[in-house]
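[1] Sequence first, then the predicted structure, then my questions.
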Amino acid sequence: MSAIALPVPRLRFHRLIWLMPAAFAPHIVEEYGTGFPDWVTHTLGSSMTGGAFLLNNAVFMAILLSLTAWAAFRPSPLSAFVLLSWASGNLFWNFVFHLATTFLYDRFSPGLMTAVLLYFPISLAVAWTALGERVLSRAAFAGAVAIGGALMLVVIWAGLFQLAH
């Protein structure tokens, strides 16, 4: 008897992108619950209050939700590019930040668990789908990821080293 192959439904880009803000929320809970503001003070030598942390992340979440809604409900190369620029900074490059600082400082970076378990695989799935569905060209996608990296560097410099003083 032969097995019947059932089609596996593919999650399309404009639905898959909702996983990004869905992953952002537990990441912030993990960071806050495991002491990211204190980690910034003791590990990076800067200062961050719990209130500043929560306010910054509320703003980042509002932006992420707005851009996700724009890309989902008004799909276009521009909305996808802007969303992936912002989201790559907040998810993929945030994953890189937590992984790198854990190794550089030989100390757990609060947020590492959700960055590894959620941010990295979701970033890969969104990238794979965006490129597979030709939502963006490879060059545009690479540009969005590069802009996301630059945005993350600005957040690290301004938020963790400059504005906190």
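    Yep, that arrived.
[2] low pLDDT regions in this structure?
    Along the chain, segments meeting pLDDT under 70 span 1-11, 159-165.
[3] again, only this time at 80
    The chain contains residues with pLDDT under 80 at 1-11, 158-165.
[4] Same question for the spatially most central residue of the chain, what's its three-state structure.
    The residue lying closest to the centre of the chain (CA atoms, centre = their mean) is Leu91, at 1.4 Å. Assigned by DSSP: H, G, I helix; E, B strand; the rest coil, the conformation of Leu91 is helix.
[5] Roughly how far does it sit from Thr41?
    25 Å (CB to CB, to the nearest Å). Just so you know, the C-beta spots here come from the backbone N, C-alpha and C atoms, and that holds for glycine as well.
[6] Hmm, the residue nearest to the centre of the chain is touching Ala22, no?
    No. Here Leu91 lies out of contact with Ala22, judged by CB atoms under 8 Å, at a distance of 11.1 Å.
[7] hmm, who's touching stretch 118-126?
    11, 13, 16-17, 19-20, 23, 26-27, 84, 87-88, 91-92, 94-95 (CB atoms under 8 Å, 6 or more residues apart in numbering).
[8] ok, so of those residues, who is nearest Gly149?
    For the contacts of stretch 118-126, the closest approach to Gly149 (CB to CB) belongs to Ser88, at 7.2 Å.
[9] My read is that the closest one contacts Ala142, right?
    No. Using CB under 8 Å, Ser88 makes no contact with Ala142, being 10.3 Å away.
[10] ok, the residue nearest to the centre of the chain - contacts?
    By CB under 8 Å, 6+ apart, the neighbours of Leu91 are Met20, Ala23, Phe24, Tyr119, Ile122, Ser123.
[11] Can you name the two of these that sit furthest apart?
    The widest separation within the contacts of Leu91 (CB to CB) is 12.0 Å, between Phe24 and Ser123.
[12] Figure out how far the longest helix along the chain is from the centre of its chain.
    Taking DSSP state H as the criterion, the chain has its longest helix at helix 50-73. Offset of helix 50-73 from its chain centre (CA atoms, centre = their mean, to the nearest Å): 11 Å.
[13] thinking again about what came up before, which of the contacts of Leu91 fall within helices?
    Those of the contacts of Leu91 lying in helices (DSSP H): Met20, Ala23, Phe24, Ile122, Ser123.
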